[in-house]
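Colleague: could you look at this predicted model? Sequence included:
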Amino acid sequence: MKMTTEEAFVKTLQSHGVRHAFGIIGSAMMPISDIFPAAGITFWDCAHEGSAGMMADGYTRATGEMSMMIAQNGPGITNFVTAVKTAYWNHTPCLLVTPQAANKTIGQGGFQEMEQMNLFKDCVAYQEEVRDPSRICEVLARVIAKAKRLSGPAQINIPRDFWTQVIDIDIPDPVEFETSPGGTDSIAKAAQMLSEAKFPVILNGAGVVLAAGGIEASRVLAERLDAPVCVGYQHNDAFPGHHPLFAGPLGYNGSKAGMELIAKADVVLALGTRLNPFSTLPGYGIDYWPTQAKIIQVDINPDRIGLTKKITVGIVGDAAKVAQGITAQLSDSAGDAGRSDRKALIAQTKSAWAQELTSLDHEQDDPGTTWNERARAARPDWMSPRQAWRAIQAAMPEDAIISSDIGNNCAIGNAYPSFPTGRKYLAPGLFGPCGYGLPAIIGAKIGQPHVPVIGFAGDGAFGISVNELTAIGRDEWPAITQIVFRNYQWGAEKRNSTLWFDDNFVGTELDMKVSYAGIAQACGLKGVQVKTMDELTTALNTAIKDQMDNNTTTLIEVILNQELGEPFRRDAMKKPVRVAGISAADMAAE
Ligand SMILES: Cc1ncc(C[n+]2csc(CCOP(=O)(O)OP(=O)(O)O)c2C)c(N)n1
Ligand SMILES: [Mg+2]
């Protein structure tokens, strides 16, 4: 059938169900954005492509539906880099469309030229450039398929002079097939190991959330074994939070109960997880990874099996199907060894941690440092981060989707939220970009307009995405609720300064005169400041009501004392020794 290249492109998007595009408008994409409305594709024009990309990530993570990032070649596209790499480590199957300077002129140093394939080489799960206008659909369909199969962002690069050409082409049907249930021998072996285990533990990762029915399949298996279920770092939504076997997140600021329980394991089923370092590093001084246990690792990507930890059995497959396959082959007595003692221990360990967590109000100083003590003394009446989190818990709707950001206050919060279902906790993941909380929650709300959403960010990180407040107040944008932890410092980095750099605060202080609530108001949104736990709970209740009933966005600026919790990278930091010494006198004369 005869059509233009842009018609062919958009028809292929339609056949794959791509309904939402995020970016900033530019001439190199206009031939296709021009027909987005006619095609039923919404273009969300953001204030910065970096945030647009994180909105796409948030949309896809909250819905499981593919979305796309698109912008102007050159500077528009370069702004996507952080978001694309973030989506990569969030295992988010997004489509990255990068219009390219024209073939006719590329290499001449013309306008907005950039090596866009090299730029994203290490950020995407797959990339391909269109070599000829007649191949536009073939390449696009393959890129979309690869994003899904590899569960990551995939890029299509298109010289802009390929648009507006007439080609004769058939729109390809999506190529879809079942995911793998795992190798039969290894499933049998895993089932036998778990059947014979005395203290089996399940560790759910993102793959359990991504696989259809993954959480349910892991629940059935866990209940057969009465095995506690831990989740990976920032995957708090990979098992139902209210379930008696749920032991919480591992890793930094995670669940002490989860750590204590997995430390006792003789067999671990690592389900849908690459066993990333942040899910296995010590926390609260507990080196919990059970080095003597037999490890069964399940991942859809064979390259990640056995990559970080010694394993006994590796299974390449879909987390849900593998869990079902293992359950079907368990022996009749599986889980019976020590079952009642294990159940009692799980309950007791969880309740001890829950009590400890609710009684925690303040952050500890390392021996020889006094930052937290001084921070409390400086503002004795101000809320601490943990008090704020408890006030937030009191107003959090059961079905809410929440995002988080990189920063100390957000990280302290990692211990608190749990969820009834998956696709609820959008944390920035292992690329760790500041500025993720706001855009991710906007994307989630676009995908799930009937679900209450709450975004979280520290005041420094929020500044990176604050310009999106100028975009989201327009009529077609759905309302969200955003919490900003206002401690007037780049706290997470300041914590490093107190621990390893003798309180030498370089680049850690924020402007006390700035009011984020005021900025929100100037953007036509609601902005409120709160200073106490009661004010925070009330403001959040009102904001959620406004979000759901009045389509009103509220930014809640939570004024906090400057206490700081655990640093991100105890594992990577040490106190430096000055050998030659540094003196300002050595600076070259002006
Ligand atoms: C884009 C980006 N820049 C810098 C960093 C380094 N970094 C990690 S945490 C952090 C401080 C975050 O401060 P804030 O958002 O105010 O949260 P707080 O720690 O004060 O709660 C910084 C600068 C990063 N992770 N990402
Ligand atoms: Mg801060």
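Modeller: Sure thing, it's come through. Ligands and ions are numbered 1, 2, ... in the order given.
Colleague: wait, Val18 sits on Met69?
Modeller: No. Judged on Cβ atoms under 8 Å, Val18 makes no contact with Met69 at a distance of 11.1 Å. Where you see a C-beta, it was placed from the backbone N, CA and C, and this is true even at glycine.
Colleague: list residues touching both of those two?
Modeller: In terms of Cβ atoms under 8 Å, 6 or more residues apart in numbering, Val18 and Met69 are both contacted by the residues Leu95.
Colleague: residue of the stretch 351-500 of the chain with the smallest distance to ligand 2?
Modeller: Gly458 (3.9 Å; Cβ to the ion).
Colleague: contact partners for that residue?
Modeller: With Cβ under 8 Å, 6+ apart, Gly458 has these contacts: 405-410, 434, 484-485, 487, 490-492.
Colleague: can we see that at 6 Å?
Modeller: 407, 409, 485 (Cβ atoms under 6 Å, 6 or more residues apart in numbering).
Colleague: avg pLDDT for the helix or strand encompassing Val143?
Modeller: Taking DSSP states H and E as the criterion, Val143 maps to helix 136-150. Across helix 136-150, pLDDT averages out at 97.
Colleague: could you do stretch 448-465 as well?
Modeller: 98.
Colleague: pull out the buried positions in it.
Modeller: The neighbour-count check on stretch 448-465 (16 or more other Cβ atoms under 10 Å) flags 448, 451-465 as buried.
Colleague: so Met3, which of the three states?
Modeller: strand (DSSP: H, G, I helix; E, B strand; the rest coil).
Colleague: that one: how many residues sit nearby?
Modeller: Neighbourhood size, Met3 [other Cβ atoms under 10 Å]: 16.
Colleague: before we move on, what about Asn301?
Modeller: 16.
Colleague: and it, how far from ligand 1?
Modeller: 25 Å (Cβ to the nearest ligand atom, to the nearest Å).
Colleague: and Val506, by the same measure?
Modeller: As for Val506, its distance to ligand 1 is 12 Å (criterion: Cβ to the nearest ligand atom).
Colleague: ok, now Gly422?
Modeller: Distance from Gly422 to ligand 1, by Cβ to the nearest ligand atom: 25 Å.
Colleague: how about that residue: what's its closest non-neighbour residue?
Modeller: Sequence neighbours aside, Val209 is the residue nearest to Gly422 in space, at 3.9 Å (criterion: Cβ to Cβ, 6 or more residues apart in numbering).
Colleague: show me what the host helix or strand of that neighbour is packed up against.
Modeller: According to DSSP H and E, Val209 maps onto helix 206-210. Contacts defined by 3 or more Cβ pairs under 6 Å, 6 or more residues apart in numbering; DSSP states H and E place helix 206-210 against helix 214-225.
Colleague: from the chain's centre, how far out does the helix it packs on sit?
Modeller: 24 Å (Cα atoms, centre = their mean, to the nearest Å).
Colleague: avg pLDDT for it?
Modeller: pLDDT averaged over helix 214-225 gives 98.
Colleague: which residues are contacting stretch 504-512?
Modeller: So stretch 504-512 is contacted by 459-460, 488-490, 493-494, 497 (Cβ under 6 Å, 6+ apart).
Colleague: neighbours around Met512, how many?
Modeller: Neighbours of Met512 (other Cβ under 10 Å): 8.
Colleague: what's the spacing between it and ligand 1?
Modeller: Plainly put, Met512 is 13 Å away from ligand 1 if you go by Cβ to the nearest ligand atom.
Colleague: returning to that earlier point: which ones among the buried residues of stretch 448-465 lie within strands?
Modeller: In strands, defined here by DSSP state E, the members of the buried residues of stretch 448-465 are 453-458.
Colleague: what comes up buried for the longest helix anywhere in the chain?
Modeller: Secondary structure assigned by DSSP state H gives helix 339-359 as the longest helix of the chain. Across helix 339-359, burial judged by 16+ other Cβ under 10 Å covers 342, 345-346, 349-350, 353, 357.
Colleague: how about stretch 515-534?
Modeller: 516-517, 519-520, 523, 525-530, 532-533.
Colleague: residues near Lys545, how many?
Modeller: Lys545 has 14 neighbours, counted by other Cβ under 10 Å.
Colleague: can you pull the contacts of it?
Modeller: Applying Cβ under 6 Å, 6+ apart as the definition, Lys545 turns out to have no contact partners.
Colleague: and the closest residue to Gly325 other than its chain neighbours, which helix or strand is it part of?
Modeller: The shortest distance from Gly325 to any non-neighbouring residue, by Cβ to Cβ, 6+ apart, is to Ile187 (4.4 Å). With secondary structure defined by DSSP H and E, Ile187 is part of helix 184-196.
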